[in-house]
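Novice: This is a predicted model, with the sequence first.
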2 protein chains.
Amino acid sequence: MTDERSADLPPGYDALADELAARGATAFVHVGDRFDADVRYLTSLSGFDGECAVVFADGRRVVSVPARARVEAERVVGGSVRAHDADAPAGRRAAEILSEALGRPPGGTVLVPRRIPHDAAVYLERAGYDVASTSALAAARTTKTDAERDRIRRVQRVAIRAMARAEETLAASTPRDGALVWDGGPLSTERLRRRANAVLAAHGAGGAGNTVVSVGPRGDGGPPAAVERTPAAVERPPDAVELRPGETVTVRLAPRGPRGYHGFLARTFVVAGDGGWERRAHVAAEAALNAGLAALEAGAPACDVREEVLAEVAAYGFDVGGPTSVVVGDAGHGVGLARREPPALADETPIEAGAVLAVTPTIGDSGEGTVALADLAVVTDDGFELLGERSRSIVPCSRSS
Amino acid sequence: MTDERSADLPPGYDALADELAARGATAFVHVGDRFDADVRYLTSLSGFDGECAVVFADGRRVVSVPARARVEAERVVGGSVRAHDADAPAGRRAAEILSEALGRPPGGTVLVPRRIPHDAAVYLERAGYDVASTSALAAARTTKTDAERDRIRRVQRVAIRAMARAEETLAASTPRDGALVWDGGPLSTERLRRRANAVLAAHGAGGAGNTVVSVGPRGDGGPPAAVERTPAAVERPPDAVELRPGETVTVRLAPRGPRGYHGFLARTFVVAGDGGWERRAHVAAEAALNAGLAALEAGAPACDVREEVLAEVAAYGFDVGGPTSVVVGDAGHGVGLARREPPALADETPIEAGAVLAVTPTIGDSGEGTVALADLAVVTDDGFELLGERSRSIVPCSRSS
């Protein structure tokens, strides 16, 4: 197992080794299912059912998966794979591996992420280890490697294609009797969502439940959408509504690529708008997006980005947090194996080069609508690099990029 | 909050009330993110980032979500919604709700699912409650309501359409120089996966990372697939291979509908097969599928289904667990808010009417290939009802159902 510290291991393992040394701890343990972003980061596994245990001690990593997932795990993880009975608690298995395979005697401190399943922590404690939480893994995940950035860039390209499909559909729709009609029927948030998701799927990404099309101030601006006419259609989502001319239509995408990394892109369109509130809000949102991006720089405090975004919105006369404002001033966040992950833009923690951030200005008014824009960028030593570019026009057009 | 025990609440709350009374416990608490199937069951929420807390005591339910998710939660959950700071631990919030909103004094026992995040359990303990685990929620989830069955039936219909697309694509492919060619290029597992997922997306469901196309004995039967020619394509998945004539191609689908429920469907095809091993395995797998379905009946021991499936496979001369067998004898499982959930087919626990089960016979040989079939059925008082029907032919055809 001497090859376990090879360059193929995520750099988070180096951070964990440093954390173990600094805290005098004996091992790091995590347990989780395939939906857990830390498990995906630590193992690259995404297809298994049940719980996986990751044990890291003395520079060595052992991964234990439910027996039925062993073949996949050996291909993806490599040589340090064990299996356990699918019904057996992975936390108990982790304690066994600690003492038997890795020779860590009971009595030492085991570091775990704070959200490790409770029963796993209890098994470790019953086996004689002290359990303490660490945020070293979350911190390590914020700085993306070149390979991670490449994965995010690629899935963002697909998000841009899906946004183009949504925009083209809106551009081809026509107002009739107070509704938007496309391809012979009312255009609903759900039809638009399905068209965007079909593009994502055709290019190898998944909507991942993250494709959201909303209208008006709070996404409840129109009449309920008619049941889809396709016989095989699944039930209408609870929030599906038909689109109307002149109202804001926001499309948010955070698709997931085949290795689990997400893109993040948001645009707002208005078909047959009157050029009033939504135009002013859109100008302000785009200025805020540019200001937020311009604030990205290695070493800058994270909250600077948020402050630049909010200051720009306020400079255009919008009252962030005022009585008709419906949107909390959330100006951005990290994107990676989770669609929202650290860094948050909340405090003075410096942003590090290699962080991938979505900047997400949103302006909402309970009487008017919501305008949201979001682009994705990687932080560099002297600024930022956009991960893909897409028109930000509020008037939907049929265009290629 | 007197309407909180209305018919709109999942029946799991009745089961939790019974469990609290039986164990003399003061409350039930769960904490989890949007990927947690228990959270989706308890709240119907699926769009939020961060952690949600569910507190149930004295017949009353309170849900606390990160502040930015409050609007969605109020629409979906109803009146009993609180919000907490996104950075604040939801477990601490749960303890506050217990003592303040619900007036449960410290000292009582709080029941939790065993996989509640460790820090949430620690916050409850620090607040003076004893924490004990319960499996009542998992047990309640196995019996589906009419509404749940309808959601599963609808998403299964979409799975059937996606399988039709995959089968049509295989039927239209042609052997050339030892490869399968479709639409002018080599047909890979990844191209097939994307076509199936595009159908799912167009009909409102999501592949949910569960669409798996595998070939040969272990899914590594062909040369690596060429990089997709579409410029926007995301990176090739690590397991993508090009398809070859005569080899088994298994398509597994477990799409997720808009309210979180899954379908489950698997078929195996061979293009230009020689009628040898794979034909015999396919006949055996279909007989095993029918035998497993026939064993479904309210009150029958769960392990009977598995035994019927394995006995049928053995009756056709296949050595389950033998030296060249590559597939563990996993014959089926429950399907619902998770693609795999209880009941397992492991012990003598009786199957209950209303359970939704996938029967999944799989026959693999390390030298030959893998044949897998899976259909989905709901258990009734006197048997079963298939949730959607789809041809099981191993020879791919262009057909409508």
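Specialist: Right, received. Where do you want to start?
Novice: okay, now residue A:252: neighbour count?
Specialist: 22 (other Cβ atoms under 10 Å in any protein chain shown). Yep, even glycine has a C-beta here, placed from its N, CA and C like the rest.
Novice: for residue A:323, same thing?
Specialist: 7.
Novice: Let me know the secondary structure of it.
Specialist: Of the three states, residue A:323 takes coil according to DSSP: H, G, I helix; E, B strand; the rest coil.
Novice: Determine the longest helix present in chain A.
Specialist: helix A:146-171 (DSSP state H).
Novice: Return the distance of that helix from the chain's centre.
Specialist: Taking Cα atoms, centre = their mean, to the nearest Å, one finds helix A:146-171 lying 14 Å from the centre of the chain it belongs to.
Novice: Give me the mean pLDDT for it.
Specialist: Mean per-residue pLDDT for helix A:146-171: 97.
Novice: does it come close to chain B?
Specialist: Yes - Helix A:146-171 is in contact with chain B by Cβ under 8 Å from any Cβ of the partner chain, via A:150, A:151, A:154, A:155, A:157, A:158, A:160, A:161.
Novice: got the buried residues for that helix?
Specialist: Residues of helix A:146-171 classed as buried under the neighbour-count rule (16 or more other Cβ atoms under 10 Å in any protein chain shown) are A:148-149, A:151-170.
Novice: just stretch A:121-140 next, same as before
Specialist: So stretch A:121-140, judged by 16+ other Cβ under 10 Å, has buried residues A:121-124, A:127, A:129, A:131, A:134, A:136-140.
Novice: again, but for stretch A:244-261
Specialist: In terms of neighbour count (16+ other Cβ under 10 Å), stretch A:244-261 has its buried residues at A:244-261.
Novice: swap in stretch A:106-121?
Specialist: Buried residues in stretch A:106-121, defined by neighbour count with 16+ other Cβ under 10 Å: A:106, A:108, A:110-121.
Novice: for stretch A:270-280, same thing?
Specialist: Buried residues in stretch A:270-280 (16+ other Cβ under 10 Å): A:270, A:271, A:273, A:277, A:278, A:280.
Novice: what's the strand or helix carrying residue A:308 packed up against?
Specialist: Per DSSP states H and E, residue A:308 falls inside helix A:302-315. On a contact count with 3 or more Cβ pairs under 8 Å, 6 or more residues apart in numbering or on different chains; DSSP states H and E, helix A:302-315 meets helix A:277-294, strand A:332-334, strand A:356-359.
Novice: swap the cut-off to 10 Å and go again
Specialist: Counting contacts by 3 or more Cβ pairs under 10 Å, 6 or more residues apart in numbering or on different chains; DSSP states H and E, helix A:302-315 packs against helix A:277-294, strand A:332-334, strand A:341-344, strand A:356-359, strand A:362-365.
Novice: Kindly report the domain assignment for chain A.
Specialist: The record's domain split for chain A, according to automatic domain parsing, is A:2-142, A:146-386.
Novice: and the next helix or strand after the longest helix of chain A, which strands flank it?
Specialist: Moving toward the C-terminus from helix A:146-171, the next helix or strand (DSSP H and E) is strand A:174-176. Looking at strand A:174-176 with DSSP bridges, its partner strands are strand A:179-182 (antiparallel).
Novice: Is residue A:97 part of a helix or strand, or is it coil?
Specialist: Under three-state DSSP, residue A:97 falls in the helix class.
Novice: follow-up on the earlier one: out of the buried residues of stretch A:106-121, which two sit at the greatest distance?
Specialist: Using Cβ to Cβ, the two most remote members of these are A:106 and A:115, lying 23.8 Å apart.
Novice: any bit of the helix-or-strand element of chain A with minimal mean pLDDT sitting next to chain B?
Specialist: Counting by mean pLDDT, DSSP states H and E, chain A has its least confident helix or strand at helix A:70-77, which shows a mean of 86. Yes - counting by Cβ under 10 Å from any Cβ of the partner chain, chain B is contacted by helix A:70-77 at A:70, A:71, A:72, A:74, A:75, A:76.
Novice: returning to what we had before: columns pLDDT and secondary structure on top of the buried residues of stretch A:121-140, output as a markdown table?
Specialist: Listed next are the buried residues of stretch A:121-140 as a markdown table, based on pLDDT from 0 to 100; DSSP: H, G, I helix; E, B strand; the rest coil:
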| residue | pLDDT | secondary structure |
| --- | --- | --- |
| A:121 | 98 | helix |
| A:122 | 97 | helix |
| A:123 | 97 | helix |
| A:124 | 97 | helix |
| A:127 | 96 | coil |
| A:129 | 97 | coil |
| A:131 | 97 | strand |
| A:134 | 97 | coil |
| A:136 | 96 | helix |
| A:137 | 96 | helix |
| A:138 | 93 | helix |
| A:139 | 92 | helix |
| A:140 | 94 | helix |
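Novice: so which of those residues are also by chain B?
Specialist: Applying Cβ under 10 Å from any Cβ to the buried residues of stretch A:121-140, one finds that A:121, A:122, A:124, A:131 fall near chain B.
Novice: Farthest pair within those?
Specialist: Once Cβ to Cβ is applied, those give A:122 and A:131 as the farthest pair, at 8.7 Å.
Novice: quick revisit: which ones among the buried residues of stretch A:106-121 map onto helices?
Specialist: Those of those lying in helices (DSSP H): A:118, A:119, A:120, A:121.
Novice: Which members of the buried residues of stretch A:121-140 define the maximum pairwise distance?
Specialist: Distance extremes for these: the farthest pair is A:127 and A:139 at 27.3 Å, using Cβ to Cβ.
Novice: what's the closest of the residues of helix A:70-77 next to chain B to residue B:358?
Specialist: residue A:72 (18.8 Å).
Novice: Find the residue closest to that closest one in space, skipping its chain neighbours.
Specialist: residue A:47 (5.4 Å; Cβ to Cβ, 6 or more residues apart in numbering or on different chains).
Novice: measure residue A:31 to residue B:339 for me?
Specialist: Residue A:31 sits 20 Å away from residue B:339, going by Cβ to Cβ, to the nearest Å.
Novice: contacting residues around residue A:148?
Specialist: Neighbouring residues of residue A:148 by Cβ atoms under 10 Å, 6 or more residues apart in numbering or on different chains: A:10, A:11, A:41, A:141, A:259, A:260, A:261, A:336, A:337, A:354, A:356, A:378.
Novice: and it, how far is that from residue A:155?
Specialist: 11 Å.
Novice: Next, count neighbours for residue A:348.
Specialist: Neighbour count of residue A:348, defined by other Cβ under 10 Å: 9.
Novice: my bad, residue A:9
Specialist: Residues near residue A:9, counting by other Cβ under 10 Å, number 16.
Novice: My guess is it contacts residue A:63. True?
Specialist: No - Residue A:9 is beyond contact range of residue A:63, at 11.4 Å (criterion: Cβ atoms under 10 Å).
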